[in-house]
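# next input, structure requested:
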Amino acid sequence: MEVLEELHRLALVLALPGVALLILLPLYIREMHGSSELIGLAASVGPLTFAALRLVGGVATDVFGRKSTFVFGIAVYSLGLLIMALAPNADVVALGGSMCGTGAMVAMTSAIVIVADVAPTPEAYGKLSSSLALGGTLGSVIPLTLINYFGLLGFRLSFFIYFLASVYALYLAKRLPETKPKETKVEFEWSWRWVLATAIGSLVAFSSGAVTPFFPVFIREQFGLSPVGVMIAYAPSAVAAIVSPRLAGRASPEAAAFAFDSLGSFGSLLITWRDPALSSLGFSFVTGAVGGSSVAQDAMVASSCKRSCGFMVGLYNSITQIFTGLASLWAGSVYSSCPQKVFFTASATFAAAATIALVAILKGRVGRNVWTGE
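Numbering: from 1, shown residues only. Sure, this is the predicted structure:
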């Protein structure tokens, strides 16, 4: 469909800072002598602040339209990138990072709802997630050169280039058509499948919130890697981020959630092995798990709503983002004393998510699948 094709192209441009932002933000804070607690705060403030606003954002897509909310999210995201490019100290970097997280989540909420309007299938969500991952991978090439040659200035130049790309994405977003159905209204549409997606999503979000901001710090400090070395260590995870959503889109949501969450549990443990190659491989498993499981969750939520997709998607995302923020705050408080504890806990929460998905599969096989919402 034309709308989906336009959204995929836009996602490719908008996601250029994606992978690099996850890697560079904690390293940038460290480079400016920020603490591990500040890294955890930077990774958590966006999700925690937006958890209260994300529900409002979802409702806004039902009330004001998908396109307007999408454009607003990209605008906030762009401003955050500009702040990081011009930041005088680590505290302002953290502020810019939080704004980027908030804007990106608003935009993603709108994108999920747009897909729900047009084609609420696992395959459609898989293609969207894959486009985002591809854009992030291509965009990560920018800081590899700039940081290697210019050091701290390279961080600033990278974020300024990403700011320019986000402004172009804002221009593309304004060209999208409005997809909100006329019969849309704000109401709670109960279904067990929505509950299933939210439960799995909350556990996966906790694992991601703990691992993502501290993996680059962990491998740099454990193995003595340079910022460029850290970027290179992300190569396997970039491939996983592109491939896993496509694979998840080919399976039933419950089966995809079980398979990828199990992979995430193993990957979280593999990160702690005393070998940079295995640690890098472990993070690629975690990245693939988050990407694949997210496609499954999005498809479950989209298929369970009829008249109020914006509200239901916003509520689901609001709940899961609370767990992302809480995990980052918690990880920031324990990382300095015991880095391995962060990754062991993430492994356990991934395993819990896989267990819930397995229960849903087994109930379906005996003909009593109360989880489908049908």
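# pLDDT below threshold where in this protein?
Scanning the chain for pLDDT under 70 picks out 1, 19-24, 31-37, 39-50, 365-374.
# any idea which helix or strand comes after whichever strand or helix holds residue 314?
In this assignment (DSSP states H and E), residue 314 forms part of helix 309-334. Per DSSP H and E, the first helix or strand lying C-terminal to helix 309-334 is helix 339-365.
# if we can go back for a sec, for the helix holding residue 314, which helices and strands make contact with it?
On a contact count with 3 or more Cβ pairs under 8 Å, 6 or more residues apart in numbering; DSSP states H and E, helix 309-334 meets helix 36-63, helix 90-118, helix 192-211, helix 276-304, helix 339-365. Heads up, the C-betas are built off the backbone N, CA and C, glycines and all.
# out of these, flag the one nearest residue 177.
helix 90-118 (9.6 Å; Cβ to Cβ).
# what's the next secondary structure element after the closest one?
helix 122-139.
# thinking again about what came up before, the helix holding residue 314: how far from the chain's middle?
Mean-position distance between helix 309-334 and its chain equals 11 Å (Cα atoms, centre = their mean, to the nearest Å).
# any figure for the gap between residue 99 and residue 76?
6 Å (Cβ to Cβ, to the nearest Å).
# what does residue 247 give?
To residue 76, residue 247 is 32 Å away according to Cβ to Cβ.
# could you do residue 192 as well?
Separation of residue 192 from residue 76 (Cβ to Cβ) stands at 34 Å.
# next, the buried residues of stretch 55-74.
Across stretch 55-74, burial judged by 16 or more other Cβ atoms under 10 Å covers 55, 57-63, 65-74.
# check stretch 116-131 too.
For stretch 116-131, by 16+ other Cβ under 10 Å, it's 116-120, 122, 124-131.
# ditto for stretch 176-191
176, 179, 180, 184, 191.
# list the contacts for the residue lying closest to the fourth one once chain neighbours are set aside?
Right, the one you point to is residue 184. Leaving aside its chain neighbours, residue 184 sits nearest to residue 62 (5.1 Å; criterion: Cβ to Cβ, 6 or more residues apart in numbering). By Cβ atoms under 8 Å, 6 or more residues apart in numbering, the residues touching residue 62 are 180, 184, 185, 186, 308, 309, 310, 311.
# got it, and residue 127?
By Cβ under 8 Å, 6+ apart, the contact list for residue 127 reads 4, 8, 245, 246, 249.
# and what of residue 246?
Contacts of residue 246 (Cβ under 8 Å, 6+ apart): 126, 127, 130.
# check residue 276 too.
219, 222, 223, 225, 233.
# now the second one: how far from residue 279?
Note on residue 222: its distance to residue 279, by Cβ to Cβ, is 8 Å.
# check which helix or strand covers the closest residue to residue 158 other than its chain neighbours.
Spatial nearest neighbour of residue 158, chain neighbours left out: residue 143 (4.1 Å); criterion: Cβ to Cβ, 6+ apart. Using DSSP H and E, residue 143 sits in helix 141-150.
# and that helix, how far out from the chain's middle?
Centre-to-centre, helix 141-150 and its host chain are 24 Å apart (Cα atoms, centre = their mean).
# next SSE after it?
Following helix 141-150 in sequence, per DSSP H and E, is helix 152-173.
# using CSV, write out every CA atom in that next one.
Output in CSV follows, covering the C-alpha atoms of helix 152-173 (Å, rounded to 0.1, in the frame of the first residue of the first chain):
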residue,chain,number,x,y,z
LEU,A,152,34.6,15.2,21.5
LEU,A,153,33.9,17.5,18.5
GLY,A,154,33.1,14.3,16.5
PHE,A,155,30.2,13.6,19.0
ARG,A,156,28.9,17.1,18.4
LEU,A,157,29.2,16.9,14.6
SER,A,158,27.4,13.5,14.6
PHE,A,159,24.4,14.8,16.5
PHE,A,160,24.2,17.9,14.3
ILE,A,161,24.1,15.8,11.1
TYR,A,162,21.4,13.7,12.7
PHE,A,163,19.5,16.9,13.5
LEU,A,164,19.6,17.8,9.8
ALA,A,165,18.3,14.3,8.9
SER,A,166,15.5,14.6,11.4
VAL,A,167,14.4,18.0,9.9
TYR,A,168,14.2,16.3,6.5
ALA,A,169,12.1,13.5,8.1
LEU,A,170,9.8,16.2,9.5
TYR,A,171,9.3,17.4,5.9
LEU,A,172,8.5,13.9,4.7
ALA,A,173,6.1,13.4,7.6
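# packing partners of that helix?
If contacts are counted by 3+ Cβ pairs under 8 Å, 6+ apart, helix 152-173 sits against helix 2-14, helix 18-31, helix 66-86, helix 141-150.
# quick check: buried residues in that helix?
Neighbour counts over helix 152-173 (16+ other Cβ under 10 Å) mark 154-163, 165-166, 169-170, 172-173 as buried.
# and stretch 322-337, by the same measure?
Going by 16+ other Cβ under 10 Å, stretch 322-337 has these buried residues: 322-332, 334-335.
# I'd like to know which of the contacts of residue 276 are buried.
Counted by 16+ other Cβ under 10 Å, those give 219, 222, 223, 225, 233 as buried.
# wait, the last one touches residue 281, no?
No - with contact defined as Cβ atoms under 8 Å, residue 233 does not reach residue 281; the gap is 9.7 Å.
# returning to what we had before: who has more neighbours out of residue 99 and residue 76?
Higher neighbour count among residue 99 and residue 76: residue 99, with 23 against 18, using other Cβ atoms under 10 Å.
# what's the distance between the more buried one and residue 313?
Distance, residue 99 to residue 313, by Cβ to Cβ: 22 Å.
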